[in-house]
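J.: Build me a model from this:
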Amino acid sequence: DHGDTTQTPQDWQIDLGNFCNSACVFCDPQSSSRLATEYHKLGWIKNMPERAWCDDPDLLQSFVQDLKRCDRLVYLHFIGGETLITPAFRTILEALIQSGLHRSVTVGFTTNLTVWQQEIVDLLTQFHSVNLGMSVECFHPLNDYVRYGSDVTTVGKLTQKWLEVARRHEWLTQLRITPTVLSIWHLDTVYEFAARQGLAVESCNFLDNPKCMQVSVLPPHMRSKVMERLQTWLDRNPTSGDV
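T.: Purely as a prediction, here's the structure:
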């Protein structure tokens, strides 16, 4: 029809801002409010990032009404900070349930495995489906430094709790990693856990900033050691040709 359509968007990616309780060493103030506060105190940034749009009650309610008007809403993927502690996430979930859209909508989000919000979990279990991403760099104490603010023991326990819920409700579940010059040394611990649990491991993007955290900064002889470590794991865990 010459590019004209009355169809409303079906698939949304919703950025809720930078409200986060972690200060990952490879992250930035635009994605972590905790980092923004620390950077500002240290004088590394002059101004704090702009307030998130969803902190404005009027804008949030207007957005919720827009979602309700989408007659073929299928998928909502939430990004920005730590979703579970962002108040707008709960507001949107509750509104979708009240309107009945939860019966046909799939919700996607990623958690940093530092908090458990039972009220949010109870809301999520009412949706048609959930795509759950769990961020971890390695199942090793190094994870506590790379994803500063986390505790690897808590990360392990919360991962198991999420898996129990996910399996009960048949959610799509993945481990999400951002390999860095630090975590690459223990990346095999993620693959080991994933293999035992039957999970996929996904890296949404290759780290390009800060450059000092790129795996490529490792000198050749150190990269060779990393590759040997990963190859050793692969040799111990052969896969079928279709995996």
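J.: State the helix or strand in which the residue nearest in space to the middle of the chain lies.
T.: If you average the C-alpha coordinates of the chain and look for the closest C-alpha using C-alpha atoms, centre = their mean, you land on Thr110, 2.7 Å from that point. Secondary structure assignment for Thr110, by DSSP states H and E: strand 106-111.
J.: moving C-terminal of that strand, what's the next helix or strand?
T.: Taking DSSP H and E, what comes next after strand 106-111 is helix 118-124.
J.: ok, and for the helix or strand hosting Phe193, which residues are buried?
T.: Taking DSSP H and E as the criterion, Phe193 maps to helix 187-197. Buried residues in helix 187-197, counted by 16 or more other C-beta atoms under 10 Å: 187-191, 193-194. Where C-beta positions appear, they are placed from N, C-alpha and C, glycine not excepted.
J.: quick one: the helices in this structure?
T.: Taking DSSP state H as the criterion, the chain contains helices spanning 33-42, 57-68, 87-98, 118-124, 142-146, 152-169, 187-197, 220-236.
J.: returning to what we had before: just confirm the residue nearest to the centre of the chain contacts Arg176, I think it does.
T.: Yes. Counting by C-beta atoms under 8 Å, a contact exists between Thr110 and Arg176, whose distance comes to 5.7 Å.
J.: Overlap in contacts, the two.
T.: Where contact means C-beta atoms under 8 Å, 6 or more residues apart in numbering, the residues bridging Thr110 and Arg176 through contact with each are 133-135.
J.: As JSON lines, these with pLDDT and neighbour count would be great.
T.: As requested, the shared contacts of Thr110 and Arg176 are exported to JSON lines (pLDDT from 0 to 100; neighbours: other C-beta atoms under 10 Å):
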{"residue": "Gly133", "pLDDT": "96", "neighbour count": "19"}
{"residue": "Met134", "pLDDT": "96", "neighbour count": "20"}
{"residue": "Ser135", "pLDDT": "94", "neighbour count": "22"}
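J.: what comes into contact with the strand holding Thr110?
T.: With C-beta under 8 Å, 6+ apart as the criterion, strand 106-111 contacts 74-79, 82-84, 89, 93, 124, 127-135, 158, 162, 176.
J.: of those, buried ones?
T.: Neighbour counting over the contacts of strand 106-111 (16+ other C-beta under 10 Å) leaves 75-79, 82-84, 89, 93, 124, 127, 130-135, 158, 162, 176 as the buried ones.
J.: Low-confidence stretches in the chain?
T.: By pLDDT under 70, the low-scoring segments of the chain are 205-206, 239-243.
J.: shouldn't Tyr88 be in contact with Leu60?
T.: Let me fix one detail, which is that residue 88 is Ala and not Tyr. Yes. If you go by C-beta under 8 Å, Ala88 and Leu60 touch, sitting 5.6 Å apart.
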